[in-house]
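[1] compute the structure for the input listed below.
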Amino acid sequence: MKFIQTMINHKISTMTGTELYKWGKQFKISITKEQADAIAAHLHGKKIDLFDDKQRTQLIKEIAKIIGPKKAKEINELFILFMNSE
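    Modelled structure (predicted):
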């Protein structure tokens, strides 16, 4: 299980805006390509543990500053989907 968590966390820190945009469309999260690019740039290279509630909450607050709280909540839902896929 820890291996899959590590893979998910690594993917989050290395994903591109295009990947995030496609996932958004796939899971019906309405973000623009520009917003997806901004989020991906913010996440790039960060050591993030999505499975740690405190870290994920802090990350969502940071994302909310970029794209607004409503869309950040949707991104959190996407992250939760990723976490539940383990």
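
[2] and the host helix or strand of residue 57, how far out from the chain's middle?
    For residue 57, the host element (DSSP states H and E) is helix 53-67. Put simply, helix 53-67 sits 9 Å off its chain's centre (CA atoms, centre = their mean, to the nearest Å).

[3] C-terminal to it, what's the next element?
    helix 69-84.

[4] that following helix packs against which elements?
    helix 2-14, helix 17-26, helix 53-67 (3 or more CB pairs under 8 Å, 6 or more residues apart in numbering; DSSP states H and E). (Glycine included, C-beta is placed from N, CA and C.)

[5] swap the cut-off to 10 Å and go again
    If you count contacts as 3 or more CB pairs under 10 Å, 6 or more residues apart in numbering; DSSP states H and E, helix 69-84 packs onto helix 2-14, helix 17-26, helix 33-43, helix 53-67.

[6] do you know which of the ones you listed lies nearest residue 74?
    Residue 74 lies closest to helix 17-26 among these, at 7.9 Å (CB to CB).
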